[in-house]
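Undergrad: 3D, please:
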Amino acid sequence: MTTRSFALLARWTARVWTILSVVFILGFAIGEGLAGGPKPSLKDWGGLALFPIGVCLGLLVAWYREKLGGVLALGFLIAFYFWNLLRSGHWPRGPFGFLVAAPGLLFLIAAFLSDPRAGRSA
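TA: Take a look at the predicted model:
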């Protein structure tokens, strides 16, 4: 498999995975709203701004600017993990945060493999 074809595979895998991630998050948001679930507190909105809102925003940006969107998605996820650690004293449990944000890593891989300057040293 050539570098170019691997970049294309990573790009389209990331795009499909992004759609699945956003639909997954929207399903939770809509389900909680329809079920009359608890409303987020002001403190909770800080975490929600990082994950899932910030992560999903980064993934959507990556459709147009892969490097920027990938960095945003992964940056928001890392910030969320630290926010949760500071707020609760422990890291988030389970793989769901990473699974939702993983397309950001694939977008970065696709961007670097597609960039002809990435292989050159300074």
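Undergrad: using PDB, list the CA coordinates for stretch 75-83.
TA: Taking Å, rounded to 0.1, in the frame of the first residue of the first chain, the C-alpha atoms of stretch 75-83 are listed here in PDB:
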ATOM      1  CA  GLY A  75      -6.500  19.000  22.300                       C
ATOM      2  CA  PHE A  76     -10.100  19.300  23.600                       C
ATOM      3  CA  LEU A  77     -10.100  15.700  24.600                       C
ATOM      4  CA  ILE A  78      -6.800  16.100  26.600                       C
ATOM      5  CA  ALA A  79      -8.200  19.300  28.200                       C
ATOM      6  CA  PHE A  80     -11.300  17.400  29.100                       C
ATOM      7  CA  TYR A  81      -9.300  14.700  30.800                       C
ATOM      8  CA  PHE A  82      -7.400  17.200  32.800                       C
ATOM      9  CA  TRP A  83     -10.600  19.100  33.700                       C
END
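Undergrad: in space, what's closest to residue 9 - neighbours in sequence excluded?
TA: Residue nearest to residue 9 in three dimensions, not counting chain neighbours: residue 1, with 7.7 Å by Cβ to Cβ, 6 or more residues apart in numbering. All C-beta spots, glycine's among them, are computed from the backbone N, C-alpha and C.
Undergrad: burial measure for the one you found, as a count.
TA: 7 (other Cβ atoms under 10 Å).
Undergrad: again, but for residue 69
TA: A total of 24 residues lie near residue 69 under the criterion other Cβ under 10 Å.
Undergrad: torsion angles phi and psi at the nearest residue to it once chain neighbours are set aside?
TA: Using Cβ to Cβ, 6+ apart and skipping the chain neighbours, the partner closest in space to residue 69 is residue 62 (2.5 Å). When read as degrees, to the nearest 10, the backbone of residue 62 gives phi -60, psi -20.
Undergrad: run through the residues that contact residue 62.
TA: When contacts are counted by Cβ atoms under 8 Å, 6 or more residues apart in numbering, residue 62 touches 14, 18, 68, 69, 70, 72, 73, 103, 104, 107.
Undergrad: if any of these are buried, give me the ChimeraX selection for them.
TA: Buried subset of the contacts of residue 62, written as a ChimeraX selection, criterion 16 or more other Cβ atoms under 10 Å:
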select :14,18,69,70,72,73,103,104,107
